[in-house]
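K.L.:
here is my input; please provide its structure:
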Amino acid sequence: MPFLLFLSKTAALLVPDIQFSGKYILLFCLLLLLGGVLFVLKKQVKIIRFSFFLVFFLSLSFFESEISLEKEFVFTGKVLEVRPKKERQNLIVENGSSKVWASYTGKEEILAGWKIEASGSFYPVKEKNWFYSENITHTGYVKNLKIIEKTEEKNSFKAYFIKLTGESLFPFLHQGFFLGEKRYIPESVLELFKQNGVLHLLAVSGMHIGMVAFFVFFILKSFPLHPKITLVLFLAVIHFYLYLLDYSPASVRAVVFTTMVSAAKILERRVKLLDMVYLSGWLILMVNPRMLYSIGFIISFSAAFAIIFTLPFTQKISAFFKNKLLKNLSASFFIGLFVQIFIFPLILFVFGSFNFLSLFLTIPLSFLLSLSLGWLLSALLLSLASFSLAGILISASDSLNYLMMKTMELTLPLKWFEIHTGIHPVVLGLYYLLLLGGAFYAKKKWKLKEIFV
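P.N.:
Residues are numbered from 1 along each chain as shown. Okay, here's the model as predicted:
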């Protein structure tokens, strides 16, 4: 699946300027390649059907690529999101008919919720890329900006959470880890995460959803409720959390998957976890096909696929350890290792750099993050009774965040783990073909069974 997905996506993004006949040749090659994979993996029915869906969808979609021409225009709208950079603020502004990515270099700080009027040079989004996946219609630079109305969110859960953590030592990390809000994270902190190869910890993904889901389920299990009622309440809370995250691609994938697994338990159905991954992908892409062009969705989905696909290998390896602690530690290490093996070529292909130190840093930092989120969520519950007592738990969360920061500062000088290079699309495709082919062969030879829920 990752091989076909990435090869097709590469074609969709890299060939917009090929003549129509050239696109037909490329489509023919893709279908020929798909035929070969179908022959080799003829018994892997689910992965074949899902891969065919992805290839067919992408092969047709890149025919729509057009040349984007610069256009001067004035627009008025509400600022949905602000992404500050060193010398500019990237604004996402919506006015009903258009959704604009506008880079603003002015000195005045713009906040989400404000209504603005802006003019500048903008290009219509025609390429199949991240902007397309976010339904952004135009991108460009603001020349003149006028603030029409300053309005902010009031009495919302986000505002409550920001108020609760506002006086802590690392309020920006609390908001980043729990809400995915990176607006107030200092550039130096972002750079620290980036250079250590663990920037993904700041992007709320399946790992964060899993941590929050575990906490919520643990709390609900303490009440004397029927198991099915507990699962229904659990899903209600998780979907509310998804709403707070503004339906980011990685969180959507995780919540849909969690919903499918919970639904199977409620309906008392025994299904393969890997089938749940495929079904989640089908549902997400059928509702929002543009999601497939989001690099966040692709990396998140690939990581989930890697975890579940390699789970039989992880269980077989960890079975060699008799000690329960060593067994859990080895399982955590190999899950992280398999995920990195699956996604690092993609990260190199997209971003041109990768830090192998993340292979060793992700596990201890994820452990600290899980404890930090646990204290933070406990503080959130306790704040309903007492803000001052909640502050004590937030301080405990701060101490763990401090330990994370110090760990990354110590590992920052280890530059020899970092590589900067690109990957040719053909090399990327061959890598995943060999990786999946080897994994299927090993599964068959060792007679590893799929994991059921």
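
K.L.:
helix or strand for the residue nearest the centre of the chain, which one?
P.N.:
For the chain, the residue sitting closest to the mean C-alpha position, by Cα atoms, centre = their mean, is residue 250 at 3.1 Å. According to DSSP states H and E, residue 250 maps onto helix 249-266.

K.L.:
outside of that helix itself, list whatever touches it.
P.N.:
Counting contacts by Cβ atoms under 8 Å, 6 or more residues apart in numbering, the residues outside helix 249-266 that touch it are 133, 180, 203-206, 208-210, 213, 228, 231-232, 234-235, 238-239, 241-242, 245, 270-271, 273, 276-277, 279-281, 283-284, 291, 294, 296-297, 299-301, 304, 453. Glycine gets a C-beta too; all of them are placed from N, C-alpha and C.

K.L.:
in the stretch 301-450 of the chain, which spans are strands?
P.N.:
Defined through DSSP state E, counting those that start in this stretch, the strands belonging to the stretch 301-450 of the chain, from first to last, are 353-355, 418-420.

K.L.:
ok, residues contacting the first one?
P.N.:
The one in question is strand 353-355. Residues outside strand 353-355 that contact it (Cβ under 8 Å, 6+ apart): 195, 196, 197, 344, 347, 348, 417, 418, 419, 420, 421.

K.L.:
for it, which positions count as buried?
P.N.:
Of the residues in strand 353-355, those with enough neighbours to count as buried (16 or more other Cβ atoms under 10 Å) are 354, 355.

K.L.:
and for stretch 90-98?
P.N.:
91, 92, 93, 94.

K.L.:
could you do stretch 220-238 as well?
P.N.:
Neighbour counts over stretch 220-238 (16+ other Cβ under 10 Å) mark 220, 230, 231, 233, 234, 235, 237, 238 as buried.

K.L.:
which members of the residues you listed are the farthest-apart pair?
P.N.:
Of all pairs drawn from these, the widest gap by Cβ to Cβ lies between 230 and 238 and measures 12.4 Å.

K.L.:
sorry, back to before: how about the strands of the stretch 301-450 of the chain, which one is nearest residue 102?
P.N.:
Across these, the minimum distance to residue 102, taken as Cβ to Cβ, is reached by strand 353-355, at 27.5 Å.

K.L.:
and the lengthiest helix in the chain, how far from the chain's centre?
P.N.:
The residue-count maximum for a helix in the chain (DSSP state H) belongs to helix 324-351. The gap between the average C-alpha position of helix 324-351 and the chain average comes to 15 Å, counting by Cα atoms, centre = their mean, to the nearest Å.

K.L.:
and what of stretch 184-191?
P.N.:
Distance, centroid of stretch 184-191 to centroid of chain: 19 Å (Cα atoms, centre = their mean).

K.L.:
and that stretch, what's buried?
P.N.:
Of the residues in stretch 184-191, 185, 189, 190 count as buried by neighbour count, 16+ other Cβ under 10 Å.

K.L.:
stretch 105-114 too?
P.N.:
For stretch 105-114, the neighbour count (16+ other Cβ under 10 Å) marks 110, 112, 113, 114 as buried.

K.L.:
make JSON lines out of those residues and add distance to residue 383.
P.N.:
Compiled in JSON lines, the buried residues of stretch 105-114 are given as follows (distance: Cβ to Cβ, whole Å):
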{"residue": "110", "distance to residue 383": "30"}
{"residue": "112", "distance to residue 383": "24"}
{"residue": "113", "distance to residue 383": "24"}
{"residue": "114", "distance to residue 383": "28"}
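
K.L.:
of the residues you listed, which pair is most distant in space?
P.N.:
Distances among the buried residues of stretch 105-114 were taken as Cβ to Cβ; the most separated pair is 110 and 113, at 9.9 Å.

K.L.:
just to revisit the earlier point, report all helices and strands that the longest helix of the chain contacts.
P.N.:
For helix 324-351, the packing partners by 3 or more Cβ pairs under 8 Å, 6 or more residues apart in numbering; DSSP states H and E come out as helix 2-14, helix 295-309, helix 311-318, strand 353-355, helix 358-382, helix 425-446.

K.L.:
other residues contacting the lengthiest strand in the chain?
P.N.:
With secondary structure taken from DSSP state E, the chain has its longest strand at strand 71-84. Outside strand 71-84, the residues that touch it by Cβ under 8 Å, 6+ apart are 89-96, 98-100, 110-124, 138, 148, 182-183, 246.

K.L.:
narrow those residues to those in strands?
P.N.:
Among those, the members that lie in strands (by DSSP E) are 89-94, 99-100, 115-124, 138, 148.

K.L.:
what subset of those residues is buried?
P.N.:
By 16+ other Cβ under 10 Å, these give 89, 91-94, 99-100, 115-116, 118, 120, 122-124, 138 as buried.

K.L.:
and those residues, which is closest to residue 405?
P.N.:
When these are ranked by distance to residue 405 (Cβ to Cβ), residue 89 comes first, at 25.2 Å.

K.L.:
quick check: closest non-adjacent residue to that closest one.
P.N.:
Spatial nearest neighbour of residue 89, excluding adjacent residues (Cβ to Cβ, 6 or more residues apart in numbering): residue 104 at 4.8 Å.

K.L.:
tell me who's in contact with that neighbour.
P.N.:
Residue 104 sits next to 88, 89, 90, 91, 110, 118, 141, 142, 145 when contact means Cβ under 8 Å, 6+ apart.

K.L.:
pretty sure the second one contacts residue 111?
P.N.:
The reference is to residue 89. No. The pair residue 89 / residue 111 is not scored as a contact, 9.9 Å apart, by Cβ atoms under 8 Å.

K.L.:
still on that earlier bit, could you dump the buried residues of stretch 184-191 into TSV and include distance to residue 315?
P.N.:
Converted to TSV, the buried residues of stretch 184-191 look like this (distance: Cβ to Cβ, whole Å):
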residue	distance to residue 315
185	37
189	37
190	36
